[in-house]
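1. kindly generate the corresponding structure for this input.
(chains A, B and C)
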Amino acid sequence: MTGRSVIVGGVLILGSAGIVVVHRHLDARVQAPPQEGEAVWLPSAEALRRWSFGFEGLLADLYWLRTVQYYGRRAFRPGARFEHLEHLLMLVTTLDPQFIAAYRFGAIFLALPPPQGAGRPDRALALLERGIAANPGEWRLLLDQGFVLLWDLRDYASAAEVFLRVSRHPQAPAWTKDLAAAVYARAGRREIARRIWRDRLEHGESEHVRENARYQLLCLQAEEELERLHALVRAFQRARGRWPSSWPEMVAEGLLGHPPRDPMGHLYQLDPRTGAVRLSPQSPLILPRL
Amino acid sequence: MSTVIAIENLTKDYASGWLRRRFHRAVDHLTLEVREGEIFGLLGPNGAGKTTTVKLLLHLIRPTAGRVRLFGRSPEELTVRAQLGFLPEHPSFPEALTGRELLDYFGRLFGLSRVDRSARIAAVLRQVGIPAAVADRPMRQLSRGELTRIGLAQAVLHDPKLLILDDPMGGLDPDGRRQVRDLLLRLREEGKTIFLSTAVVAEAEAICDRVALLHRGRMRACGSPIELAASGEGGKVEILARDLDARACASLRARGCAVDADRALVRIQAPTSAEVGEWVEVIRQLGGRVIAVSPLQSPLERFFANALTASERLEG
Amino acid sequence: MLVAMGPGSWRPRARQRPRKTRAFVRWYDVAMIAAHRRTSVASPSAPAGMGASPFGRLIAIAFTATCELLRERVLRVLILFALLLIVMTLLLGELSVGQERRIVLDVGLGAMRVLGTVMAILMGGRLLEREIERRTIAVLLTKPVRRWEVIIGKFCGCALVLLVSVGIMTSVLVLILALVAPTWATELPLLLPVVFLLWLQFLLAAALAIAFSTFSTLTLSVIFALGVVLIGHASQEFLYWAEAVRSPALALLSRALYYGLPNLQHLNFTAAIVHQQKIAWSAIGMASAYAAVYLAMVLLLAAVLFHRREFP
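-> Model prediction:
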């Protein structure tokens, strides 16, 4: 009786091992040839949703797992390409249009330059646009759109506009206003930046916020002054054919009433060889902010 | 005579419940022997453990303790089972098959050749009283009595040395019962050993060489019906009589009869079956006419009834 | 009382038989009687009570199982349904301009796969469970048969019925293919291996249902077997999970599930035939070996479970 149990147990163990061995052989056979196929089955997103029989959420989760894995397998490798990433993200977000994480991380994966990502900020923006259309209340998607414009496309003006829209969203935190103002400043739209900072200076929710607004306003002022001084230095150079050697020379010329100081009282620096105007290293103001 | 069935200390607990397991003891330290060539009856009320004992004999369930030997071997062995015929309680068989197909199927399992099979099938069908037309109908269309007969046919098909029959009279009409009784007696003549269980004592009394009384899993009595009955008070008969007047009834009551006078008909319960003739004589002398005499309780039934009451009183 | 009426009184009831017996059963009975003649196992001189050879017993059990299954109305309905579905592909093919061949193969093989699997699971689940539930198994087990012989015999009966069903369905499919595609004759050698592997899939499903039915009810074993088959078509997912999860324990579990569950995609070559690709013999052989080993293990497990079971 026990002898037979031992034999049956042995056969079961051997047989299971046999199953694994043959299974691996089959796996190798199936997965070897279609390298280009990526072993990822990509149906049409809409068709998949129609044939999901009420398991949209579960399928979305499965495809999200695959997406993460697809990205994880390729990211940070030399020569990484992500040609199926957008399709996978489309599948996930079509199956579950409320899958916020898929839009947000998906946009990051898409927008980052290779080898960290697909290097397609335009597609990232389109993905986020779909997300925003499906989730009008989700201000974070708009914020992400702004960041893609800011960091990946360096389109400060558009980014600033997006951030301003975010800041007007009732649920968005107040710091998004600061962000909008900073990007407007970076885009050179100082008037609108100043308006926002002034508003923050008056209505800021904490002392820290108001202090920052005051500082930013000073920076803006310094930026404007630097621009004006640069124009004057240019005018000097056009008249004399050389760069001014120091501020007193400019004062002597009558271009300036006195040596210029930044809003914090430090003298601006003038480079006599290149004509460049800078803030003093001692000045607490730092430009540009972004 | 050699021992065919040997049961030693057989015990079976059924477990129920999943988280809190509870045990119910169906058979409790049962020890008995069945000798070659005898008809042995396992008797007892419903739930006494008869069917459990039969299933333990056949190794359909495993004993909690104790052991079973058939022909001195384990019932698991194929050579043992080749010598064994079994009729279950409430027999049922694959519905889509006909009786003849079932017998043919089982015949093949015993290794009977095609010629042997057709001859044996015709013979056993005749023995159990199944007409050929019934044997060719799918078994889902058969009545319970017909299924019992098919069950008996498959049990004796391969001419086994030992028959284990769980309630062979169940579902049969009186005629069928008589036929089965005849069949069993004939099989005993051929030297077969028969182990049967039944709840009807009178049936067992008529044909069994020895009987055992089972109650709540334990054996309460064992022996030949005649021995057991002799040790008891004797049976009871019911006599139906007419033309007995009130005085005659009173006189019968005085002699220890229970008398139930209903208009012209008088129902008399006499205390012992041994003296039926005397009672009939007494009634005739009192001016009555005896219409029918029927056994109410055989001596063995009376003995068992008393044994059960005694054991119940003992266990509370 | 029944007997007292005499044999003559049975005639009116006996006449019901021809009415109840359908043509389908009749041709099958003829086949069975013919096979009985050929497979008579014991020589007439063998003394009764010696018992048949194990092989003879297996054949007897398998044959009776086949006979029982073929008389089930449900299965005949399923075959009819399969035929109807395959006929429906003609209609669909008509609608798809120029793609009739593709549609016929896709829908036809798909219908075969679904219906064959459902048939296999229902048959495998019912065969044993029904005998256990109706307690007819008790009599069978007191005959000189071993319990594993019952399992294997019943499975062989199932396999035979499935083979017949697959044969019928394939014939109809080829017939329809011949109507829409002039190349059908050249495709036959491509189609047969695919159908063979399809049959192996059905065998796996039936064996699983039998294994589950040794310890569970019909409904549950059908659900279990269906679940395993469905997961078996998507078991690749477990491999992805194994690589995706961080916890090594979970990865091991996923991997164990991947190798433990039957990978039915490895037996599914429907796409190849649709695209007229030739399947290498080595691929067919390897897939068959996989199915065979897996089947053997499932049946062994079923036998062990059945052996331990009591029948109160």
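2. how's chain B carved up into domains?
-> B:3-230, B:236-296 (automatic domain parsing).
3. can the helix or strand harbouring B:S118 be said to contact chain C?
-> Element membership of B:S118 [criterion: DSSP states H and E] is helix B:114-128. Yes. For helix B:114-128 and chain C, the contact criterion (CB under 8 Å from any CB of the partner chain) is met by B:114-116. (Glycine included, C-beta is placed from N, CA and C.)
4. for that helix, which helices and strands make contact with it?
-> If contacts are counted by 3 or more CB pairs under 8 Å, 6 or more residues apart in numbering or on different chains; DSSP states H and E, helix B:114-128 sits against helix B:99-109, helix B:132-135, helix B:144-156, helix B:174-189.
5. make TSV out of those helices and add mean neighbour count, distance to B:A199 and mean pLDDT.
-> Shown next, in TSV, are those (neighbours: other CB atoms under 10 Å in any protein chain shown; distance: least, CB to CB, whole Å; pLDDT from 0 to 100):
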stretch	mean neighbour count	distance to B:A199	mean pLDDT
helix B:99-109	24	26	93
helix B:132-135	20	27	91
helix B:144-156	23	15	91
helix B:174-189	16	14	89
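6. can I get those helices in JSON lines with distance to A:R123?
-> Listed next are the helices and strands packed on helix B:114-128 as JSON lines, based on distance: least, CB to CB, whole Å:
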{"stretch": "helix B:99-109", "distance to A:R123": "70"}
{"stretch": "helix B:132-135", "distance to A:R123": "78"}
{"stretch": "helix B:144-156", "distance to A:R123": "75"}
{"stretch": "helix B:174-189", "distance to A:R123": "86"}
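7. got the ones you listed as a markdown table, with distance to chain A columns?
-> Shown next, in a markdown table, are those (distance: least, CB to the nearest CB, whole Å):
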| stretch | distance to chain A |
| --- | --- |
| helix B:99-109 | 22 |
| helix B:132-135 | 40 |
| helix B:144-156 | 29 |
| helix B:174-189 | 34 |
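8. residues contacting the closest residue to chain A within the stretch 1-150 of chain B?
-> Here the stretch 1-150 of chain B gets closest to chain A at one residue, B:E76, 9.6 Å apart by CB to the nearest CB. B:E76 makes contact with B:H59, according to CB atoms under 8 Å, 6 or more residues apart in numbering or on different chains.
9. so how far is A:L142 from it?
-> 77 Å (CB to CB, to the nearest Å).
10. could you do B:S231 as well?
-> 102 Å.
11. what about the helices in chain A?
-> Using DSSP state H, the helices found in chain A span residues A:2-31, A:45-50, A:56-74, A:85-95, A:100-111, A:121-134, A:139-147, A:156-167, A:175-186, A:190-203, A:207-240, A:247-253.
12. which one is C:T89 nearest to, not counting chain neighbours?
-> Spatial nearest neighbour of C:T89, excluding adjacent residues (CB to CB, 6 or more residues apart in numbering or on different chains): C:V107 at 4.1 Å.
13. list the contacts for that neighbour?
-> Counting by CB under 8 Å, 6+ apart, C:V107 has contacts C:85-86, C:88-89, C:92.
14. generate a ChimeraX selection restricted to the buried subset of these.
-> This is the ChimeraX syntax for the buried subset of those, where burial follows 16 or more other CB atoms under 10 Å in any protein chain shown:
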select /C:85,86,89
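15. what is the nearest of the contacts of C:V107 to A:G188?
-> The closest of the contacts of C:V107 to A:G188 turns out to be C:L92 (CB to CB; 63.6 Å).
16. can you tell me the SS state at the closest one?
-> helix (DSSP: H, G, I helix; E, B strand; the rest coil).
17. the nearest residue to it once chain neighbours are set aside: neighbour count?
-> With CB to CB, 6+ apart as the criterion, C:L92 has its nearest non-adjacent residue at 5.2 Å, and that residue is C:I103. Counted with other CB atoms under 10 Å in any protein chain shown, residues neighbouring C:I103 total 19.
18. where does C:I103 land on pLDDT?
-> Turning to C:I103, the model gives it a pLDDT of 76.
19. gap between B:T51 and B:G41?
-> Distance from B:T51 to B:G41, by CB to CB: 14 Å.
20. again, but for B:P225
-> 8 Å.
21. so between these two, which is more surrounded?
-> Between B:P225 and B:G41, counting by other CB under 10 Å, B:G41 is the more crowded of the two (27 against 22).
22. who's in contact with the more buried one?
-> B:196-198, B:204, B:207-208, B:210-212.
23. and it, that's in a strand?
-> Yes. B:G41 forms part of a strand when assessed by three-state DSSP.
24. contact partners for the most centrally placed residue in chain B?
-> For chain B, the residue nearest the mean C-alpha position is B:T198 (3.1 Å; CA atoms, centre = their mean). Neighbouring residues of B:T198 by CB under 8 Å, 6+ apart: B:41-43, B:50, B:167-169, B:204.
25. repeat that for A:C219.
-> Here A:C219 is in contact with A:185, A:285-287, A:289 (CB under 8 Å, 6+ apart).
26. top of those by neighbour count?
-> Top of those by neighbour count (other CB under 10 Å): A:A185, with 25 neighbours.
27. look up how far A:R214 lies from it.
-> Applying CB to CB to A:A185 and A:R214 gives a distance of 14 Å.
28. in a strand, the residue nearest to C:L92, correct?
-> No. Secondary structure assignment (three-state DSSP) places C:I103 in helix, not in a strand.
29. need the pLDDT of A:D178.
-> Taking A:D178 on its own, its pLDDT is 85.
30. also the one 10 residues further on?
-> With respect to pLDDT, A:G188 scores 82.
31. please list all residues in contact with it.
-> A:G188 neighbours (CB under 8 Å, 6+ apart): A:Y156.
32. mind doing that once more with 10 Å?
-> A:156-157, A:160, A:223, A:227 (CB atoms under 10 Å, 6 or more residues apart in numbering or on different chains).
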